[in-house]
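Chemist: Attaching a predicted model along with its sequence, questions to come.
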Amino acid sequence: MCSDSPEGEHRPGFMMPLGTTSTKMVLRGETLELECIAEGLPTPDISWQKDGAELPSSRMSVQNFQKTLKISDVNEGDAGDYHCTASNKLGTTHHVIKVTVKAAPFWVSAPRNLILAPNETGILTCRVNGEPKPKISWFVNGVPIENAPEDRSRKVDDDTVILSNVQSGSSAVYQCNASNEFGYLMANAFVNVLAEPPRVLTPPNRVYQVITNTPALLHCASFGSPIPTITWFKDSQISIKNGDSYVIHENGTLEINVAQTVNSGKYTCIATNNLGLKENHMTLEVKEPTRILKQPEYKVVQRGMSASFECKVKHDPSLIPVMIWLKDNGDLPDDDRFVVGAESLTVKDVTDGDEGTYTCIMNTTLDQDSASAMLTVVEATPTPAIVYEKPDPPTDLELTDQTERSVQLTWIPGDEHNSPTQMFLVQYEDLLHGPGVWINLTEVGGTETTARLNLSPYVYYSFRVLAINRVGASQPSQPSSQYRTNPAAPDENPSDVQGVGTEPGNLVISWTPLTGFQSNGPNLEYRVLWKRKDVDEDWSSKNVANVSQFVVTGTTTYTPYMIKIQAFNDYGSGPEPKVFTGYSGEDLPLSAPDNVQIMVHNSTLAEVHWEPVSSPSVRGKLQGYKVYYSRVRGLHETEGETEQQEQVLTFSGNRSEGRLPGLQPYSLYNLTIRVLNNKGEGPPSPNKEFDTPEGVPGPPSFLNVINPGLDSLTLEWGPPMKNNGRLAGYTLKYQPVNNTNELGPVKVKNFLANETIITLDNLNSSMLYKFYLSAKTIKGSGPIITEEAFTAMDTIRTQPTVETGKVPPVGPAFGTVNTSVSEEGAVISWDYFGHHKNVYVEYIVENSKEDWKKELVTFTLAYDKSTDEVLVTVPAVPSRQVDIATQGWFIGLMCAIALLILVLLIVCFIKRNKGGKYPVKEKEDAHQDPEIQPMKEDDGTFGEYSDTEDHKPLKGSRTPSNGTVRRDESDDSLVDYGEGGDGQFNEDGSFIGQYSGKKEKDTHEGNESSEAPSPVNAMNSFV
């Protein structure tokens, strides 16, 4: 047979698949992979088409020299006939692959939870799709609906369940199951039949503030079943309807599009259903906007002078404005020269650095306004001085001593203008690679006039020089003559070489190219070399030009490659390149961690362990493991009662364990683990559930004290927001607090979990009590919540009549307090109407620096019909001092002193008559006591006070056997002082006594003093 074709050439034919047609089935969402392998000479070209449609370019890829067609995320529209065509110059052949797309069930519309009121109608829909069409089955509370108890209100129509005229007992969980041969779907829907009167969830009496001409939103969130209807009223009279300036949204919010002053007022929203109504009140205040009436003005100020900016503002009187000044949009400098006034800014002693834009910003809690002005600083009137200027540019540039890689540049400096040149800057222009761009080359000292310049090959150089002094840089010199260096091989290779795969099956090699200046010669190219690391194979290479990356295809997944890049041009290659390591593209991990184990350490911390996946299955660089966990519900809650919120913790590196902190006690958790690489996450491990044990509960939600009585307080509280276990009860501790913040004894009471209100009796009236309440589980008590409250204060002053043998009624604690003095001490009596058995008496010596003394008087109350008085005797404490008033030597000494005083008075009187002055009157005024004051015992001088009498109880007292108060270690007794102030009770019930006046009359047992005793003041407190 004759043929015009060269020997061996023939038409294309398919090696796989065989025949003219074949079939392919793929599931929806998976990747469709079609492959045609053709043979022929010359090697045939492969192309792909689809009957009646374009190939999806965004999801399609062709690989393996066009032999393989891949379409990702397949859908039903990808079904059809795909033509694979192989052709060469001798002919064409075709193969048709008939693709069918099947699908596991997928949701079109899943059933949703329903909340219905009695006699309402609800519909559950379970819309699914799939190929073949899924079969839908309904379940009620886990039982097939056909086997469930008959419910006449329920009607099933394929994928729909209609619930008509539901009743309170119709609440149930409905399940929809859709399945075909490729899978199934299951969804739950909770149908709750509730009869709930309306509740308004928005806090009451909220005040909304807006600025005029801005929108206002008044919220009225509500809840109820049936769903409440929201109506609005203004000022409790005007009914608000949709339209005009008002919009009532579906969630109950009232919107005023453009608020005006007339819209201010009281608004009421009412939530209504057939079970009742609930109203909520709120107030809208429409404020005047903040406006700057006089803006700061542009200022031109001489250096050293002052500049002032004014900023006068108008604002709503009820809003407090705050003025802020900025300079160039930043804070003002921290400098005393900047003085901020109420409506102004003054800059003193202006400098050049003060130039800029000054902005006045007036802020309120609702809005702001701002205005800006420029400040320009000019030179003050100059005084004659030396002028310093920039130097003139160098001249006469000359190139000498020229070589391949260097040249000598010389120049003549210009005029320095009174400021010495500090340095010269040499710049060059590359007329071949970057014309018009001047680049700094080198710097030399200000006294130099020559520089040796190192050069690069294949550059067309032109040089210029700038002189620099402390004023600034000169203008550039005129360019030198051009100097061209000869080409050469590159001196360096590209930098920043990297090898990173962007998708499975490729390796992207990138680098930073050499600049034209670095090329050293024409036709710069790059030799890219690569091979698999740790594999005995030859280097693969590819020469490229004018690019900065090269893509290697057909690589295995995440394989290390050795990479190097060498620059070369027409004059040779660069130095031997450095070898870098890169990795081909990653793919998603294949497997999930195995043998997941969970150890629960306590109620809030768990530790999870797993078996790491094998390195090949990672198919990329292992980044770590992601632990997904969510709280399914509390162990005391029913399923579905808690909304699940998934949490994620990432444990970096090749870990096999991790800790899960912050768990909620007494809860059921669900956990899965995925391995992570740079491409993404692998499949999840099987679900693992674990429980957390009980913990201590949170604090009670509130603690209120209500109905305070004279001797009782009623407490009510709410359960904790988080029980964290089975609530065992509550512990209440309380103690009294006096006005000096001293705490009394603590009393403790325990209550059951269902007790949330208690009345405490037998408390002290007019007393502050502090309460500490905590909830507890079997794990212990949680945080406490505290509250303070006073018992009621009795203001009635009439003394009650008490019958014999009966407890006195509640009334004032104390009546009139009386004091008297006897030979043995001070007698304090009072009318007492309380029920307490202990009384504290506090006393102090007047003008003494000693602390108050506090004594406890314990007595049995006795009620006398005739007097209605309880009398308690408080005897004074005997002093250790000896009563020297009766000693003979003391009487003689006193007489001598009196005689001496008489002589002194006569002398003073004589001198006064002669014009002299002696301050006797002042001394007399300082001591108002008409009685003679004795000398002090220790130094013989005259003193105001002295203990010269025995300290004995005052006469006429009735002293109970256990009612005595004694003071053992005092140098002063109660009877040494008189002329005290009126007795009174202070806030903490302490006994305040002040004593003055001297008693110098001999006393006898059973007889009163011949002089009237001064009153002793007392304050009594009871416990």
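Modeler: Yes, it's here. Numbering: from 1, shown residues only.

Chemist: Next one: the nearest residue to R337 once chain neighbours are set aside from G304, what distance?
Modeler: Spatial nearest neighbour of R337, chain neighbours left out: K348 (4.4 Å); criterion: Cβ to Cβ, 6 or more residues apart in numbering. For the C-beta atoms, the positions are set from N, CA and C on the backbone; glycine is no exception. Per Cβ to Cβ, to the nearest Å, K348 is found 10 Å from G304.

Chemist: re the thing from before, list the contacts for the residue nearest to R337?
Modeler: Going by Cβ atoms under 8 Å, 6 or more residues apart in numbering, K348 touches S306, R337, F338, V339.

Chemist: Quick one, grab the pLDDT at it.
Modeler: Looking at K348, its pLDDT is 91.

Chemist: out of the contacts of K348, who's nearest V618?
Modeler: V618 has its nearest neighbour among the contacts of K348 in F338, at 62.3 Å by Cβ to Cβ.

Chemist: For burial, what's the neighbour tally of the closest one?
Modeler: 16 (other Cβ atoms under 10 Å).

Chemist: what residues are up against it?
Modeler: W325, L332, L345, T346, V347, K348.

Chemist: Which residue, other than its chain neighbours, is closest to the first one?
Modeler: So that's W325. In this structure, W325 finds its nearest non-sequential neighbour in L345, 4.9 Å apart by Cβ to Cβ, 6+ apart.

Chemist: looking at it, that neighbour is touching V339, isn't it?
Modeler: Yes: counting by Cβ atoms under 8 Å, V339 is a contact partner of L345 at 7.3 Å.

Chemist: higher neighbour count, the two?
Modeler: L345 (23 against 13).

Chemist: follow-up on the earlier one: from D354, how far out is the residue nearest to W325?
Modeler: Look at L345 and D354: by Cβ to Cβ, they are 11 Å apart.

Chemist: The helix or strand harbouring R452: how far from the chain's middle?
Modeler: Following DSSP states H and E, one finds R452 within strand 450-454. Distance of strand 450-454 from the chain centroid (Cα atoms, centre = their mean, to the nearest Å) equals 62 Å.

Chemist: longest helix in this protein, by residue count?
Modeler: Criterion DSSP state H: the longest helix present in the chain is helix 888-913.

Chemist: which parts of that helix are buried?
Modeler: For helix 888-913, the neighbour count (16 or more other Cβ atoms under 10 Å) marks F890, I897 as buried.

Chemist: For that helix, what does the pLDDT average out to?
Modeler: In this model, helix 888-913 has an average pLDDT of 87.

Chemist: on contacts alone, who are the packing partners of the lengthiest strand in the chain?
Modeler: In the chain, assigned by DSSP state E, the strand with the most residues is strand 91-109. Applying 3 or more Cβ pairs under 8 Å, 6 or more residues apart in numbering; DSSP states H and E, we find strand 91-109 packed against strand 10-16, strand 21-27, strand 32-35, strand 80-88, strand 127-131, strand 172-180, strand 183-193.

Chemist: Can you lay out these as a markdown table showing distance to L409, mean pLDDT and mean neighbour count?
Modeler: Output for the helices and strands packed on strand 91-109, formatted as a markdown table (distance: least, Cβ to Cβ, whole Å; pLDDT from 0 to 100; neighbours: other Cβ atoms under 10 Å):
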| stretch | distance to L409 | mean pLDDT | mean neighbour count |
| --- | --- | --- | --- |
| strand 10-16 | 70 | 88 | 16 |
| strand 21-27 | 74 | 89 | 14 |
| strand 32-35 | 68 | 90 | 18 |
| strand 80-88 | 66 | 92 | 19 |
| strand 127-131 | 81 | 89 | 18 |
| strand 172-180 | 86 | 92 | 20 |
| strand 183-193 | 81 | 90 | 17 |
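
Chemist: Turn those strands into JSON lines, including distance to G243.
Modeler: Shown next, in JSON lines, are the helices and strands packed on strand 91-109 (distance: least, Cβ to Cβ, whole Å):
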{"stretch": "strand 10-16", "distance to G243": "73"}
{"stretch": "strand 21-27", "distance to G243": "54"}
{"stretch": "strand 32-35", "distance to G243": "56"}
{"stretch": "strand 80-88", "distance to G243": "55"}
{"stretch": "strand 127-131", "distance to G243": "37"}
{"stretch": "strand 172-180", "distance to G243": "41"}
{"stretch": "strand 183-193", "distance to G243": "35"}
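
Chemist: Among those strands, which comes closest to E537?
Modeler: strand 32-35 (26.5 Å).

Chemist: mind listing what's buried in the helix or strand just after the closest one?
Modeler: As assigned by DSSP H and E, the chain's next helix or strand after strand 32-35 is strand 37-41. By neighbour count on 16+ other Cβ under 10 Å, the buried set for strand 37-41 is A38, G40, L41.
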